[in-house]
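Undergrad: I would like the atomic coordinates for the input below:
(chains A and B)
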Amino acid sequence: MAETKRVIVKVKRQAAPKEPSRWEEFSLNWRPSMNVIICLRDIAENPVTRDGKKTTPITYDSNCLEEICGSCAMLINGKARMACSALVDQLDQPIRIEPLTKFPLVRDLAVDRQFMFESLKRVKAWIPIDGTYHLGEGPRVSPEVQEKGYPLSNCITCGNCLEVCPQVNEHNQFVGAAIISQVRLFNMHPTGAMNKSERLQALMGPGGVQECANAQNCVHACPKGIPLTESIAEVNRDAWKQALLGWLLG
Amino acid sequence: MRQPKIIVVGGGLAGLMATIRAAESGIPVELFSIVPVKRSHSVCAQGGINAAKNQKGEGDTTDKHFDDTIYGGDFLANQPLVKRMCEAAPGIIDLLDRMGVMFNRTPEGLLDYRRFGGTLYHRTAFAGATTGQQLLYALDEQVRRHEAEGRVKKFEGWTFLSAVIDGGGVGRGVCAMDLRTMELKTFPADAAIFATGGIGAIFGRSTNSVVCTGSAQSALFQQGVDYANGEFIQVHPTAIPGEDKLRLMSESARGEGGRVWVPRNPAEKRRPKDIPQSDRFYFLEEWYPKYGNLVPRDIATRAIHRIVYQEKLGVDGQAAVYLDVTEIPRETLNRKLEGILEIYEKFLGVDPREEPMKVFPGMHYTMGGIWVNGEDQATAVPGIYAAGECEYQYHGANRLGANSLVSCIFGGGLAGSAAVKFAKSLEKGAEAAPASVFEAERKRQEEKNRKLLTQDGSENPITIWRELGDLMTEHVTVTRVNKNLQAADAKILALQERYKKINLSDRTKWSNQTLNFALELENMLILARVITLGALARNESRGAHYKPEFPDRDDANWLKTTRAKWVNNDIQLTYEPVDISLIKPRARRYDAVK
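TA: Numbers count the residues shown, from 1 in each chain, chains lettered A, B, ... in the order given. Next up, the predicted model:
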């Protein structure tokens, strides 16, 4: 009988934020089209390590499993990416799975990305509508603007762009590329543009757009292919313009 | 003066719309969600949202939208509220447009519309092929604004366990669990709105997200919130099979000109591109000349099953047919369908612009759900409202594509307004309910958790869940046979027995996902029985519910709503008439002229 093909997975475990971390290794049954989520589910159904020790299922975030909800970002073989679209056959083994490092750890592979949602509040990433009652149609938008705006609006707030950014560290509150790109999106919309200066203002000062050191890692890590560096350049330009204008007008 | 408070459970489209409506009226809202609301399952909706704006000059009207919806649903929906939804749809599009949704545009800067299943009009507004994501983000942004301004408090990472219902049978709040600390708490509210989405996990693998377990609906059902038309389950014709989930390939692929076919010769060895037109069987176009590839989902799904299982014409002898968009210009594909084509490319490593996709039907949506009245989304328990996929009101026996997003936003808004009105009308609010009511509910849930965390047994919850999913998919989806349904119910009962002996491999009290899953599984098993028993009883074929033993619709006996009740810890099926006051039922024939 031919031996069944195995998948070797190493997972970084940590029971709680203040507990020490450790590695556990698992040996799983290979199947076609296997992804990292399937590996984690296999472990949950039979939580036994490669050397036969009983352990607990791995805590991790996941939801849509088609790379559109942004939940399952983690480090896979050292790379920040979504676990659902990480196909086993395309990964070197043993597959090393770790939590993102730039966000507070919850348990095992689950981290707390609330910082990003708070940042969206900081920059007022919304169109301030008067109300939900009937006020007629929205403004006309040219196909050119839509074709620029739609890709920006695909941001799934996964946090991979923050993970890979050297400027996101314990000494710095840099909001990161995703948030800056959202400012560009709202400032581009005809109604959103009315509050453009407010959003730019929110991106000046500590943690703002000037913290970007142009490493350009973000744009390569983005699973949605968002032109993040373009967004940062544009918002940076606008912020400078606004600052200069404020200074000139005293 | 008393300040009323409202709770919303679920942060998808319906929950967020309800939240906005309530917050806008000045009433504080507490919003509960398992995941950060921006990660809710609504992000997975792809193709678009229906509204009869008649922006292509085809003479479309809201009445035609109404008729298509009722006819598509095989006359099982109560008609008056569906009519109101169709009339409200154009205004909903305007609202979303004002919120900044990046809808696709015409050269004039107006919204573009595409075709979808079950209609002959261009009625579907869209943002690429990720419309649900774009709509959810728009509402998420509005809720974040209300949150920043202090009207909304979010409880993300909390799961709903049960409602708090007082001795008079009035809903007074909820009991929920913090998924990190595993702490249980009760929260009083004058009205609670449930927008807890789909139930895909009951079928193991589906197009739904991980959180779509139906656990909340089931918990409410066991507390006297009735459940209606559970047996109506939509199986989407075109999904990519996968072990972890079935990934949806939107109907919009066909709306933009995609065609479904199989080789005429089952032993065909040529690559699909090399097979000439004459050797291809475009079975939907042949069988349904008028609607072609855009017949409603139940029809397309049964046709694909027939091709694969009866005609034995599945591609390469497998359970698969081709969904072919290679005839559509690349530029159009990238502008209108990129989102879904990328999914196919990423997960299968094949470029669908070059090669036809291989797809097969997959469980997708529940038409059935929490029973609500035909007026304002109120459930059978005063103070408890429901909106979105978790309730049953809008889609009858089969939902038309792109009607779910509109029903979520319409129903959510209606529930928000109704809950505000109810909360304001109360002379004494939840604060007047005795503390013992809250205490008792918390204790009941704590006891369940304690038991699960301490009991020793031999069963694994994931194994039970896999078996449940397999048996529901096999017997309670596309083709239903009474003896199989009976056997399925017996098997679910056996699974419930085994559930009593589960052993949790994680007994810690911090971020314990195993415990949460076990709690959900108990509820899934009960809802699975509601679905199965409803299907077993309904001896006819209507919309998505198809029984070869009873192949025809039987209006004389079955033009009625199934209303399941929880009586003495068991499921009791009751029936009530359907409101057909506006459109007289007629035969549903997509192969002939409507």
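Undergrad: chain A: helices as residue ranges?
TA: For chain A, applying DSSP state H gives helices covering A:36-45, A:114-122, A:143-152, A:160-163, A:177-188, A:196-202, A:217-221, A:228-249.
Undergrad: save those as a markdown table, and put in distance to B:Thr106 too.
TA: Placement of C-beta: from N, CA and C, glycine included. Conversion of the helices of chain A to a markdown table gives the following (distance: least, C-beta to C-beta, whole Å):
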| stretch | distance to B:Thr106 |
| --- | --- |
| helix A:36-45 | 40 |
| helix A:114-122 | 31 |
| helix A:143-152 | 7 |
| helix A:160-163 | 33 |
| helix A:177-188 | 19 |
| helix A:196-202 | 26 |
| helix A:217-221 | 31 |
| helix A:228-249 | 26 |
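Undergrad: and these, which one's lowest on average pLDDT?
TA: When mean pLDDT is averaged over each of the helices of chain A, helix A:228-249 scores lowest at a mean of 93.
Undergrad: low pLDDT regions in the stretch 451-594 of chain B?
TA: B:593-594 (pLDDT under 70).
Undergrad: between the helices of chain A, which gets nearest to B:Leu313?
TA: The minimum distance between B:Leu313 and the helices of chain A falls on helix A:36-45, with 30.3 Å, by C-beta to C-beta.
Undergrad: now the closest one: buried residues?
TA: Going by neighbour count (16 or more other C-beta atoms under 10 Å in any protein chain shown), the buried part of helix A:36-45 is A:36-44.
Undergrad: now do stretch B:439-454
TA: Neighbour-count burial for stretch B:439-454 [16+ other C-beta under 10 Å]: B:441-442, B:445, B:448-449, B:452-453.
Undergrad: now stretch B:214-229
TA: B:214-229.
Undergrad: okay, and which of those map to strands?
TA: B:227-228 (DSSP state E).
Undergrad: now do A:Ala2, the pLDDT please.
TA: For A:Ala2, the model assigns a pLDDT of 56.
Undergrad: quick revisit: dump the buried residues of helix A:36-45 to CSV, plus distance to chain B.
TA: Converted to CSV, the buried residues of helix A:36-45 look like this (distance: C-beta to the nearest C-beta, whole Å):
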residue, distance to chain B
A:Val36, 10
A:Ile37, 5
A:Ile38, 5
A:Cys39, 10
A:Leu40, 10
A:Arg41, 7
A:Asp42, 9
A:Ile43, 10
A:Ala44, 6
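Undergrad: count of residues packed around the closest residue to A:Phe174 other than its chain neighbours?
TA: By the measure of C-beta to C-beta, 6 or more residues apart in numbering or on different chains, the closest residue to A:Phe174 outside its immediate chain neighbours is A:Glu211, 4.1 Å from it. Neighbour count for A:Glu211, taken as other C-beta atoms under 10 Å in any protein chain shown: 18.
Undergrad: with adjacent residues omitted, what lies nearest to residue 204?
TA: You didn't say which chain, so I picked chain A. A:Ala239 is the one closest to A:Met204 (C-beta to C-beta, 6+ apart), at 5.8 Å.
Undergrad: oops, I was thinking of chain B
TA: The nearest residue in space to B:Gly204 (C-beta to C-beta, 6+ apart) is B:Gly469, at 1.7 Å.
Undergrad: how about the contacts made by A:Arg31?
TA: Contact analysis of A:Arg31 by C-beta atoms under 8 Å, 6 or more residues apart in numbering or on different chains lists A:38, B:243.
Undergrad: now the residue nearest to B:Gly204: how far from chain A?
TA: Per C-beta to the nearest C-beta, to the nearest Å, B:Gly469 is found 12 Å from chain A.
Undergrad: please apply the same query to B:Val225.
TA: Taking C-beta to the nearest C-beta, one finds B:Val225 at 25 Å from chain A.
Undergrad: on that earlier part again, does the residue nearest to B:Gly204 really touch B:Phe203, like I thought?
TA: Yes - with contact defined as C-beta atoms under 8 Å, B:Gly469 reaches B:Phe203; the gap is 5.5 Å.
Undergrad: per-residue confidence at the nearest residue to A:Ile58 once chain neighbours are set aside?
TA: Nearest non-adjacent residue to A:Ile58, counting by C-beta to C-beta, 6+ apart: A:Asp108, 4.8 Å away. Per-residue confidence at A:Asp108 stands at 98 (pLDDT).
Undergrad: residues touching A:Asp108, list them.
TA: A:Asp108 touches A:11-15, A:58-60, A:99, B:511, counting by C-beta under 8 Å, 6+ apart.
Undergrad: save these as TSV, and put in neighbour count and distance to A:Gly70 too.
TA: As requested, the contacts of A:Asp108 are exported to TSV (neighbours: other C-beta atoms under 10 Å in any protein chain shown; distance: C-beta to C-beta, whole Å):
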residue	neighbour count	distance to A:Gly70
A:Val11	26	21
A:Lys12	18	21
A:Arg13	19	23
A:Gln14	19	22
A:Ala15	16	25
A:Ile58	24	19
A:Thr59	26	18
A:Tyr60	24	14
A:Pro99	25	15
B:Ser511	23	19
